[in-house]
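Participant: No letters, just coordinates:
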């Protein structure tokens, strides 16, 4: 296995983990503003949805960062990201071309992140993850 094949999953996991952890921090730090945005999007029970979202982002992000149960963490984040993309980044409902284009960019970004998460669901943590070091032996 080449160096790139060994390092790429690690760096990819770290970047995706950082993305979700930093988003969780930003949303939690601006709690009231986040709730107001969610209410504007007609999210039912925004406080409950925000707590569940933060839990998913934090646990999933830590899973990716540490390489621990990566397939499960990535699957949870994949489902979360697709739901957010379809329900919040609904560019097809905007008539103003500039707003539609900006919202489409966010929708496309979310789907690209979901694609990266789906790769992790399929391939796991890579050679540098806790998943591969459990019980003192490497797992595939």
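Facilitator: Perfect, I can see it now. Values in this document were obtained by computation on a predicted structure and should not be read as measured data.
Participant: can we go C-alpha only for contacts and neighbour counts from here?
Facilitator: Will do.
Participant: which stretches of this protein have low pLDDT?
Facilitator: Applying pLDDT under 70 to the chain flags the ranges 134-140.
Participant: ok, which stretches of it are helices?
Facilitator: Ranges of helices in the chain, per DSSP state H, are 3-29, 31-40, 46-66, 70-88, 97-123.
Participant: Throw these into CSV and include mean neighbour count, thanks.
Facilitator: Formatted as CSV, those follow (neighbours: other CA atoms under 10 Å):
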stretch, mean neighbour count
helix 3-29, 16
helix 31-40, 14
helix 46-66, 20
helix 70-88, 20
helix 97-123, 16
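Participant: Between those helices, which one is closest to residue 131.
Facilitator: Proximity to residue 131, assessed across the helices of the chain by CA to CA, is greatest for helix 70-88 (7.5 Å).
Participant: contacts for the closest one?
Facilitator: Helix 70-88 is contacted from outside by 41, 53, 56-57, 59-61, 63-64, 106-107, 110-111, 113-115, 117-118, 120-125, 131, using CA atoms under 8 Å, 6 or more residues apart in numbering.
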